[in-house]
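# Provide a 3D model corresponding to the input given below.
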Amino acid sequence: MINIISNIIYGVISGLILVFITSITNYLKKTLEVRKANKELITIIKKLIPENFNLNHDIICQIASAISIEYKISYQKLYSIDQIKSLLIKNILDSEFISTELKSQYCQKIFNILTPNPEESSLNNSENINKPSTVGKLLFYITILIVGMALLLAIILDYFHIKIPYFSVQNILIVWFSFLILNIISLIIEIIKIMWLVITQNN
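Take a look at the predicted model:
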C-alpha cells in the first residue's frame, strides 16, 4: 500500500512538471505570436507614413484589430499608441536613407496622427501576457482527476484484495508514466523549436 501511494505521489509531481512545461510552451508560443503581430503592425504603419495616405487613429486601431484576429491574440497585447509612436520615430531617425528635412516632416506627421487620447485609445497593454493559459489549467485539472481516480482505485483494490490480471494500479501507473514521458519529450522539442524561431526573428 505504501508503494502504491508513493507511486501516486510521484505521479502528482510528474503531472505538475508536465503542466509547468506545457505552460512554458504556451507562453513561448503566445509571446512569439505577439512579437510577430506587433512587428507587422509597425511595418504596415511605417509604410503608410511617407505616402499621401490619410492615416488617422481610427485606421490604426482597425489595422491592429485585423492583426489581432489574424494572429488569434488579444487586442490588448498589441503595442499601445504611445509605444507605436516612439518606435516609429526611432525607426525614422535611425534611417540613413532619409534626409533630415523628411525626418522632421515624418516625425511631425506621426505626432499629429498619434496624439495621445486616453479616452479614445483602444490600444493598451493592460492585459498580462503571463496570465495562466486555459490549456495549462485544463491539463492541471485532468492530472488531478486521473491521480485521484488512481488513488481511489488503489484503495479499493487493496481493501478488497482484488487482483485483476494486467489491470493493477502499478500497470496503470506505468502506462501513465510512459504517456507522461512522451508528452514531456514532445513539449521539450516544441520549446526548442519556438526558441529557435525567436532567435532567428531577432536576427
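# as a check, name the ranges of all helices in this structure.
2-48, 57-71, 81-94, 100-113, 134-160, 169-202 (DSSP state H).
# quickly, which of those helices bottoms out on average pLDDT?
Comparing mean pLDDT across those, the weakest is helix 134-160, with a mean of 64.
# residue contacts, Ile63?
By Cβ atoms under 8 Å, 6 or more residues apart in numbering, Ile63 lies in contact with 41, 44-45. Quick note: C-beta positions are derived from backbone N, CA and C, even for glycine.
# and Ser23, how many neighbours?
Ser23: 19 surrounding residues under other Cβ atoms under 10 Å.
# I should have written Ser186 there, sorry.
12.
# gap between it and Leu48?
42 Å (Cβ to Cβ, to the nearest Å).
# and Glu190, by the same measure?
Per Cβ to Cβ, Glu190 is found 36 Å from Leu48.
# before we move on, what about Leu197?
Taking Cβ to Cβ, one finds Leu197 at 28 Å from Leu48.
# do the same with Ser74
Ser74 is 24 Å from Leu48, where distance means Cβ to Cβ.
# closest to Val34 out of the contacts of Ile63?
Leu41 (10.4 Å; Cβ to Cβ).
# ok, how many other residues are close to the closest one?
Neighbours of Leu41 (other Cβ under 10 Å): 21.
# touching, it and Gln62? I think so.
No: in this structure Leu41 lies outside contact range of Gln62 using Cβ atoms under 8 Å: 11.4 Å.
# and Tyr79, backbone torsions?
phi -60, psi 150 (degrees, to the nearest 10).
# next up, the contacts around Ile92.
Counted by Cβ under 8 Å, 6+ apart, Ile92 has contacts 49, 98, 103, 106-107, 110.
# buried only: go through those for me.
49, 98, 106-107, 110 (16 or more other Cβ atoms under 10 Å).
# can you list the residues you listed in JSON lines and add distance to Thr22?
Formatted as JSON lines, the buried ones among the contacts of Ile92 follow (distance: Cβ to Cβ, whole Å):
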{"residue": "Ile49", "distance to Thr22": "41"}
{"residue": "Ile98", "distance to Thr22": "46"}
{"residue": "Tyr106", "distance to Thr22": "45"}
{"residue": "Cys107", "distance to Thr22": "45"}
{"residue": "Ile110", "distance to Thr22": "41"}
